[in-house]
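[1] sequence below, structure please.
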Amino acid sequence: MKCNKLAFSEHIISQMFKRNISVDDIIALLEDGEIITTYPDDKPYPSYLILGFRSKRPLHLVVGKDNQTGQCIMVTVYEPDKKAWSLDFKSKIK
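    Have a look, this model is predicted:
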């Protein structure tokens, strides 16, 4: 995902700290990750669920994007639960 500027919510900062996820991990997810879900009606900006891997560790990143300015707002990041997600971590198990 191309971003002109990055912003980190307080929530994601606390989650990164708790889950041992670095800023470098976040940047790598933005650059190399795959958008697996879009939320075009999210407010105040459309948001995206990105899947990426860091040292074989699957990570999901939720990002809001202001399409007018290109600013990306990091919302949350987590390691998807293997019991709740498909083997490729792209869809939730129902």
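[2] right, and residue 4 touches residue 68 too?
    No: the criterion here is Cβ atoms under 8 Å, and residue 4 misses it with residue 68 at 10.3 Å. For the C-beta atoms, the positions are set from N, CA and C on the backbone; glycine is no exception.
[3] neighbour count winner among the two?
    Legend: neighbour count by other Cβ atoms under 10 Å for residue 4 and residue 68, higher for residue 4 (10 against 7).
[4] now do the contacts for the closest residue to the more buried one other than its chain neighbours.
    Leaving aside its sequence neighbours, residue 4 sits nearest to residue 70 (Cβ to Cβ, 6 or more residues apart in numbering; 3.2 Å). Going by Cβ atoms under 8 Å, 6 or more residues apart in numbering, residue 70 touches 2, 3, 4, 5.
[5] for residue 90, same thing?
    By Cβ under 8 Å, 6+ apart, the contact set of residue 90 is 34, 36, 51.
[6] ok, the first one - contacts?
    When you say that, I think you mean residue 34. 50, 51, 52, 90.
[7] which SS state does the last one fall under?
    Meaning residue 90. Secondary structure state of residue 90, per DSSP: H, G, I helix; E, B strand; the rest coil, is coil.
[8] for the longest strand along the chain, buried residues please.
    The longest strand of the chain (DSSP state E) is strand 57-66. Residues 58, 59, 60, 61, 62, 63, 64, 65, 66 are the ones in strand 57-66 that count as buried (16 or more other Cβ atoms under 10 Å).
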